[in-house]
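Colleague: my questions are about this predicted structure, shown below with the sequence.
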Amino acid sequence: MSDYIVRAMAADSQIRAFAVTSRELVEQARKIHNTSPVATAALGRTLSAGAMMGAAMKGEQDLLTIQIRGDGPLGGIVVTADSRANVKGYVHEPAVLIPANGKGKLDVAGAVGKGMLQVIKDLGMKEPYVGQTTLQTGEIAEDLTYYFATSEQIPSSVGLGVLLNRDNTVRQAGGFLIQLMPYTEERVIEALEARLSGLHSVTELLDRGLKPEEILEELLGELGLVISDTMPTAFSCNCSKERVEKAIVSIGSKEIREMVREGRPIEVTCHFCNQAYEFTVEELKEILHRSKR
């Protein structure tokens with residue numbers, strides 16, 4: 001198992017925790033979208049978070065989407081994950097280049113800018129759950145920590161990191177998600193806060209080559225860490241020509257007739273994986289015919 005997630009409990013089930021290593025899926029996303037270093041870091045952090053948040057859902061058909069809309073040059077980020085930790089995503093402006101921040105690191109906050117973070121959960125109900133908060137820093141981990149506290153009322157700590165090689169390929173990627181249960185004792189909260197305050201950075205843990213279990217051991221080992229299970233995670237897109245056809249139908253028969261009149265095939269590209277699907281004029285006529293039934 002290369003990229004995978006660990007699910008765990010600590011402090012007699014007063015804390016639940018997730019940790020992930022995601023180098024391969026972030027590198028795959030980088031290749032698919034040909035992202036710049038700062039775009040790779042932003043997308044990689046959000047993909048790692050999405051994978052862990054997906055793994056936290058219970059239903060087999062549950063889906064979640066993280067949407068970040070900022071006024072920075074990156075434009076925005078969209079990541080979707082399911083409960084099996086299959087994850088996919090893209091950024092609006094993958095080629096964005098901006099100077100390093102004051103610490104000499106990739107300026108993800110500057111690329112994202114100010115704006116909103118939205119989490120949409122499709123849990124099989126009549127309407128999806130939608131939670132929304134303002135971006136606090138644009139660094140993504142802090143923004144998700146704030147989201148959990150204000151929108152879901154779950155005290156949480158989110159840590160995310162992406163490290164790049166000199167050739168801009170992904171060297172390490174991953175993170176953790178730690179959440180307190182409503183009945184968590186004050187002494188446990190204080191012990192956890194003390195442990196987290198001593199953490200230098202997630203990238204430092206990743207750079208040491210720590211596995212998800214070892215990341216959680218470092219953070220929660222003194223609080224009675226119990227590993228529940230592990231599960232693989234991967235960049236996976238479920239697009240198909242049939243799904244794209246449904247999207248074409250949704251634009252309306254008038255637009256499809258105009259495509260037919262133009263007399264040339266159209267090509268539709270999936271935002272998530274860049275797979276292109278071509279529809280000939282005859283196929284468009286058939287789609288138009290089926291849509292009238």
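Modeller: Okay, I see it. Numbers count the residues shown, from 1 in each chain.
Colleague: can we go C-alpha only for contacts and neighbour counts from here?
Modeller: Fine.
Colleague: so for stretch 258-276, mean pLDDT?
Modeller: What stretch 258-276 shows for mean pLDDT is 87.
Colleague: okay, now it: how far is its last residue from its first?
Modeller: With C-alpha to C-alpha, to the nearest Å applied, stretch 258-276 spans 21 Å between its terminal residues.
Colleague: what's the spacing between that stretch and its chain's center?
Modeller: 27 Å (C-alpha atoms, centre = their mean, to the nearest Å).
Colleague: what residues of it count as buried?
Modeller: Within stretch 258-276, the residues scored as buried using 16 or more other C-alpha atoms under 10 Å are Met259, Val260, Val268, His271, Phe272, Cys273.
Colleague: now secondary structure too, for these, in CSV please.
Modeller: Output for those, formatted as CSV (DSSP: H, G, I helix; E, B strand; the rest coil):
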residue, secondary structure
Met259, helix
Val260, helix
Val268, strand
His271, coil
Phe272, coil
Cys273, coil
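Colleague: from those residues, which single one is nearest Ile287?
Modeller: Among those, Val260 lies closest to Ile287 (C-alpha to C-alpha), at 10.5 Å.
Colleague: contacts only, for that closest one.
Modeller: Shown in contact with Val260 (C-alpha atoms under 8 Å, 6 or more residues apart in numbering): Val281, Leu284, Lys285.
Colleague: for Glu152, see how far away the spatially most distant residue from the centre of the chain is.
Modeller: For the chain, the residue at maximal distance from the C-alpha centroid (C-alpha atoms, centre = their mean) is Arg261, at 40.4 Å. Per C-alpha to C-alpha, Arg261 is found 50 Å from Glu152.
Colleague: just to revisit the earlier point, among the contacts of Val260, name the ones in helices.
Modeller: Among the contacts of Val260, DSSP state H puts Val281, Leu284, Lys285 in helices.
Colleague: which of the residues you listed ranks first by neighbour count?
Modeller: Most neighbours among the ones in helices among the contacts of Val260, by other C-alpha atoms under 10 Å: Leu284, with 22 neighbours.
Colleague: that one against Glu255, yeah?
Modeller: No: counting by C-alpha atoms under 8 Å, Leu284 does not reach Glu255; the two are 10.6 Å apart.
Colleague: pretty sure the residue farthest from the centre of the chain is in a helix, no?
Modeller: Yes: assessed by three-state DSSP, Arg261 belongs to a helix.
Colleague: using PDB, write out every CA atom in the longest helix that the chain contains.
Modeller: The residue-count maximum for a helix in the chain (DSSP H) belongs to helix 37-55. The C-alpha trace of helix 37-55 is given here as PDB (Å, rounded to 0.1, in the frame of the first residue of the first chain):
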ATOM      1  CA  PRO A  37       4.700  24.500  -7.700                       C
ATOM      2  CA  VAL A  38       2.300  26.800  -5.700                       C
ATOM      3  CA  ALA A  39      -0.700  25.300  -7.400                       C
ATOM      4  CA  THR A  40       0.600  21.800  -6.700                       C
ATOM      5  CA  ALA A  41       0.900  22.700  -3.000                       C
ATOM      6  CA  ALA A  42      -2.500  24.200  -2.800                       C
ATOM      7  CA  LEU A  43      -4.200  21.300  -4.700                       C
ATOM      8  CA  GLY A  44      -2.200  18.700  -2.900                       C
ATOM      9  CA  ARG A  45      -3.200  20.000   0.500                       C
ATOM     10  CA  THR A  46      -6.800  20.000  -0.400                       C
ATOM     11  CA  LEU A  47      -6.700  16.500  -1.900                       C
ATOM     12  CA  SER A  48      -5.100  15.200   1.300                       C
ATOM     13  CA  ALA A  49      -7.800  16.800   3.300                       C
ATOM     14  CA  GLY A  50     -10.600  15.600   1.000                       C
ATOM     15  CA  ALA A  51      -9.300  12.000   1.300                       C
ATOM     16  CA  MET A  52      -9.400  12.100   5.100                       C
ATOM     17  CA  MET A  53     -12.800  13.800   5.200                       C
ATOM     18  CA  GLY A  54     -14.100  11.200   2.800                       C
ATOM     19  CA  ALA A  55     -12.800   8.400   5.000                       C
END
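Colleague: fine by me, thanks again.
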